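> 3D, please:
(chains A, B and C, ligands or ions: 2)
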Amino acid sequence: MQAEKSKEELLEELEDLRRQVSEMKKSATEANAIFESLKESEERFRGLFENASDGIWAQDLKGNFTWANKITETTTGYTLKEFLGMNIAEIITPESLQEARKIKQRLMNNELLPVYELDVKTKDGRVVPLELNSHLIMKNGEPFGVEAILRDISERKRIEQAHHDSEVKYRALMDYSSDAIVLAEFEGDLIEVNRKAESLLGYLQEDLLNMRFIDLHPQEEAERIEGGLAELYEKGSTYLNDILVLTKSGRTFPAESTATIVEYGGKKLIQAVIHDITKRKRNQEIITRQAQEIMEISTPVVQIWDNVLAAPVIGTLDSQRAEQFTERLLNKIVETNSPIALVDITGVPAIDTRTAQHLIDTISAVQLLGGQAILTGVRPAIAQTLVHLGINLNGVVTRPSLAAGLQVAFQKLGLQIKNNNEL
Amino acid sequence: MIAKNTSVIKIYNTLLVTVPADPDDNTITELQEHVLESMEKCVAKGVILDISMVETLDSFFARTITETIQMVAVMGGDTVIAGMRPSVAITAIQLGLNLGNVRTALNVELALDMVADFRPGGQK
Amino acid sequence: MMTGRDACEVSIDSENEMISVRKVIRNVATEMGFGVTDVTRIVTAASELTRNIFLYASSGTMIWRTCEVNGNTGIELIFEDHGPGIADIEEAMQAGFTTGGGLGLGLPGTKRLMDDMEIKSQKGEGTVITIRKYLRRC
Ligand SMILES: Nc1ncnc2c1ncn2[C@@H]1O[C@H](COP(=O)(O)OP(=O)(O)OP(=O)(O)O)[C@@H](O)[C@H]1O
Ligand SMILES: [Mg+2]
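Ligands and ions are numbered 1, 2, ... in the order given. Below is the predicted model:
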């Protein structure tokens, strides 16, 4: 039997109970708050998980997918429902499967793995490259599955490939170019050269990369190079024709150099294309020589008798041909000491004021020299033109044919032609 | 006044005047006086101007030569210009020089032939 | 594009300069590869313009330099004076026009001998005459 509690004792007990109740109430509110916040963060986490820009999936140790987020749908083309019934072996390429197995093995060995790549076959048959970051899921201290964060990197790959392609194209362009191409800093230090630059200049790439732009030319071109660089800085490009380039062996060759300022990663660089023109120059010389020979053939000057030269003009006489013709005729007169020259125009199709003036000048020059020129082959048509053009042939002895001209020459020389048959 | 740069020698009754390679204007002026003086002194009948060494014949030189030829003619002499170089002849024509109807010869030898009738003994 | 490799200035203040101008030009033109006749043309043209300077302007300068115009290498001569200038360039260029009792051939003849000729002149200021001849390329 319990003794009756005193009133004070009862009151005390009541007070105690109240305190306890209020404490209980308090902790209940707290628990409630904790519960609420847990719920909130889970939602937040789920939202994060569902709407993450990266895909997330988990698989058991056999490779069956156990859960995945929404992004996985977009990445693989499978709905989550389909996806969660599948095994990793069904959605990645055979090569990637091998890789995945190795990865799993390493995870099981508690290795911390770097990011790796797998190729996924999508539902519609495309192959999509993924970048994954995986870790092992433990349950009760035992490995339970693998969780992976994945990212579709096809766009990045495409850009990388494009970069690579353009790099390859650029290199190909550089390396298969038949011209030497060099890239230099704005101040002139070479930073990139192509293969042709090596072969043309006789240096190895590493030699060239320690050289300056100006080192590619001999001292005597220094001034022109400086002028070219000044123009380059001012106008953004320059062209130097027939400039000498110096090779490692000290040999020089003529080249044509085009330099432009290019922007490369925000930096201003000089790109120069050096084209060897040795061959072109040689060809040009051949052409020039042949043209000269043809010109000489078309206006030959021959000695046909002691003291007499014949110079038939064939075709029209432009200023340049006329100049050369006059020079050759006068030189031949002096050389052979022949004062009489028969300038024959039988081969001139038509005469104009200029051609006539050239002929008159030639004849006057012959006269100054101490010779005498006779114009032969003046056909009726040419005679008409000369008169119609009002060309003054004063003082010039003219004859219709070369033979007639030769007779004049013989007269002047006091020679006579005898016909022995009559004897 | 005797020009140092120009040599004038007399062959029979002909004066052979050798003009230096690159005469300055003074030399050219002096040459004229020298020739005229010699014409008088030597009683020459003709003058051969050997210009085979001359590399440049400009308008001043040409004018003086033409004048000299005219003066010699007035004094009763005949002038032959001998040995003009091809390059000089071409340039002279292009420049527009006109030496009139002056007699010319390829070289001094041919010029001497031309003036042969000046020599005693007459025609060649 | 026009670039020069070499250049040199000769002052003209007396007749004696005629000889040195001619010599300099003859050497330069020959060294550049001009043929005998072209050298003679260039030297003769230079001779005419030099004489005009000391005749009409009493003094001036001649600058020679190599030039490249449209891929053609050539020689360029610039004659400059601060004399009376030429009142009527067209008239002065006419054959036979002279105020100095000459043949009036210097200027028109020079134009014929050279490939290019430019005259700039201001009455009372002076005269600048530029002439060029190019190496033949066929
Ligand atoms: N540097 C100059 N300054 C002023 N006037 C000039 C100059 N050069 C030429 N002239 C004028 O132009 C005219 C023509 O010159 P040009 O050289 O053609 O003939 P010229 O000197 O009179 O005779 P030539 O040269 O045939 O002996 C001269 O008479 C002169 O009036
Ligand atoms: Mg003049």
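
> can you get me a residue count around the residue in the stretch 251-400 of chain A that ligand 1 sits nearest to?
Taking Cβ to the nearest ligand atom, ligand 1 has its nearest neighbour within the stretch 251-400 of chain A at A:Leu368, 17.3 Å off. For every residue, glycine as well, the C-beta is placed using N, CA and C. A:Leu368 has 23 neighbours, counted by other Cβ atoms under 10 Å in any protein chain shown.

> confidence score at it?
As predicted, A:Leu368 sits at a pLDDT of 94.

> then A:Glu221?
On the pLDDT scale, A:Glu221 gets 91.

> before we move on, what about A:Ala310?
95.

> then B:Val54?
pLDDT, B:Val54: 95.

> does it count as helix, strand or coil?
Here B:Val54 is recorded as coil under DSSP: H, G, I helix; E, B strand; the rest coil.

> what segments of chain B are helices?
B:25-42, B:59-74, B:86-95, B:108-114 (DSSP state H).

> now B:Ala92. Nearest residue, chain neighbours left out?
B:Leu57 (5.2 Å; Cβ to Cβ, 6 or more residues apart in numbering or on different chains).

> cool, and B:Ala21?
Nearest to B:Ala21 is B:Met53, by Cβ to Cβ, 6+ apart, at 4.4 Å.

> what's the local residue count around the one you found?
Neighbour tally, B:Met53, other Cβ under 10 Å: 13.

> flag the shaky bits of chain C, pLDDT-wise.
C:1-6, C:137-138 (pLDDT under 70).

> one more time with 50, if that's ok
Along chain C, the parts satisfying pLDDT under 50 run over C:1-4, C:138.

> which stretches of it form helices?
C:17-32, C:36-52, C:89-92, C:106-113.

> closest one to chain A among these?
Each of these has some distance to chain A by Cβ to the nearest Cβ; the shortest is helix C:36-52, at 5.4 Å.

> which residues touch A:Ala341?
Residues near A:Ala341 by Cβ atoms under 8 Å, 6 or more residues apart in numbering or on different chains: A:Val301, A:Val308, A:Leu309, A:Ala310, A:Ala311, A:Leu329, A:Ile333, A:Val366, A:Gly371, A:Gln372, A:Ala373, A:Ile374.

> in which helix or strand does the third one reside?
When secondary structure is defined by DSSP states H and E, A:Leu309 falls within strand A:308-314.

> hmm, back to that, which of the helices of chain B sits most buried?
helix B:86-95 (a mean of 25; mean count of other Cβ atoms under 10 Å in any protein chain shown).

> which residues sit against it?
By Cβ under 8 Å, 6+ apart, helix B:86-95 touches A:323, A:326-327, A:330-331, A:333-334, A:361, A:364-366, A:368-369, B:51, B:54-59, B:62, B:84, B:99, C:36-37, C:39-41, C:44, C:48, C:105, C:109-110, C:112-113.

> need the residues of chain B near ligand 1, please.
B:Ser59, B:Phe60 (Cβ under 6 Å from any ligand atom).

> again but with chain C, I slipped
Residues of chain C lying near ligand 1 (Cβ under 6 Å from any ligand atom): C:48, C:52-53, C:56-57, C:81, C:83-86, C:92, C:97-100, C:102-107, C:127.

> I'd like to know which of those residues are buried.
Buried subset of the residues of chain C next to ligand 1 (neighbour count, 16 or more other Cβ atoms under 10 Å in any protein chain shown): C:48, C:52-53, C:56-57, C:81, C:83-86, C:92, C:97, C:102-107, C:127.

> the residues you listed in strands, which ones?
C:Asp81, C:Thr127 (DSSP state E).

> can you narrow the buried ones among the residues of chain C next to ligand 1 down to the ones near chain A?
The subset of these lying close to chain A, counting by Cβ under 8 Å from any Cβ of the partner chain, is empty.

> now do the contacts for the most centrally placed residue in chain B.
For chain B, the residue sitting closest to the mean C-alpha position, by Cα atoms, centre = their mean, is B:Leu49 at 2.2 Å. Residues in contact with B:Leu49 (Cβ under 8 Å, 6+ apart) are B:Val17, B:Val19, B:Ile65, B:Thr68, B:Thr79, B:Val80, B:Ile81, B:Ala82.

> between which two of the residues you listed is the distance greatest?
B:Thr68 and B:Ala82 (14.3 Å; Cβ to Cβ).

> my guess is A:Arg379 contacts A:Val348. True?
No - with contact defined as Cβ atoms under 8 Å, A:Arg379 does not reach A:Val348; the gap is 9.2 Å.

> okay, those two: which has more neighbours?
Neighbour count, other Cβ under 10 Å: between A:Arg379 and A:Val348, A:Val348 has more, with 20 against 14.

> which residue is the nearest non-sequential neighbour of the more buried one?
Nearest to A:Val348 is A:Val313, by Cβ to Cβ, 6+ apart, at 5.5 Å.

> now swap in A:Thr326 and tell me
A:Thr362 (4.5 Å).

> repeat that for C:Asn16.
B:Asp24 (6.7 Å).

> list the contacts for that neighbour?
B:Asp24 touches C:Glu15, C:Asn16, C:Met18, C:Ile19, counting by Cβ under 8 Å, 6+ apart.

> confidence score at the nearest residue to the last one once chain neighbours are set aside?
Think C:Ile19. Of all residues not flanking C:Ile19 in the chain, B:Asp24 sits nearest, at 5.2 Å (Cβ to Cβ, 6+ apart). Note on B:Asp24: pLDDT of 85.

> again, but for the one 4 residues further on
With respect to pLDDT, B:Ile28 has a value of 89.

> distance of the residue positioned nearest the centre of chain C relative to chain B?
Residue closest to the mean C-alpha point of chain C, counted by Cα atoms, centre = their mean, is C:Ala46 at 4.4 Å. Separation of C:Ala46 from chain B (Cβ to the nearest Cβ, to the nearest Å): 9 Å.

> ditto for A:Ile159
71 Å.

> contacts only, for that residue.
So A:Ile159 contacts nothing (Cβ under 8 Å, 6+ apart).

> pretty sure A:Leu118 sits in a helix.
No - with three-state DSSP as the criterion, A:Leu118 is strand rather than part of a helix.

> right, and it touches A:Val127 too?
No - proximity of A:Leu118 to A:Val127 does not meet the contact threshold set by Cβ under 8 Å, at 10.3 Å.

> pull up the overlap in contacts between the two.
Common neighbours of A:Leu118 and A:Val127 (Cβ under 8 Å, 6+ apart) are A:Thr93.

> neighbour count: these two, which is higher?
A:Leu118 (22 against 12).

> quick check: that one vs chain C, distance?
From A:Leu118 to chain C the distance is 60 Å (Cβ to the nearest Cβ).

> and for A:His388?
24 Å.

> once you drop chain neighbours, what's closest to the residue of chain B found nearest chain A?
In chain B, the residue that lies nearest chain A is B:Pro86 (3.5 Å; Cβ to the nearest Cβ). Spatial nearest neighbour of B:Pro86, excluding adjacent residues (Cβ to Cβ, 6+ apart): A:Leu330 at 3.5 Å.

> what's the helix or strand for that neighbour?
Counting by DSSP H and E, A:Leu330 is found in helix A:319-336.

> what mean pLDDT would you report for that helix?
92.

> who's in contact with that helix?
By Cβ under 8 Å, 6+ apart, helix A:319-336 touches A:295-296, A:298-299, A:301, A:303, A:309, A:311, A:313, A:317, A:338-339, A:341, A:343, A:354-355, A:358-359, A:361-362, A:365-366, A:369, A:371, B:85-87, B:89-90, B:106, C:35, C:37, C:136.

> what ranges of the chain fall below the confidence cut-off?
I went with chain A, as the question did not name one. A:1.

> let's do chain B instead
For chain B, the ranges with pLDDT under 50 are B:1-3, B:121-124.

> just to revisit the earlier point, who touches the residue nearest to A:Thr326 in this structure?
A:Ala322, A:Phe325, A:Thr326, A:Leu329, A:Val343, A:Ala373.
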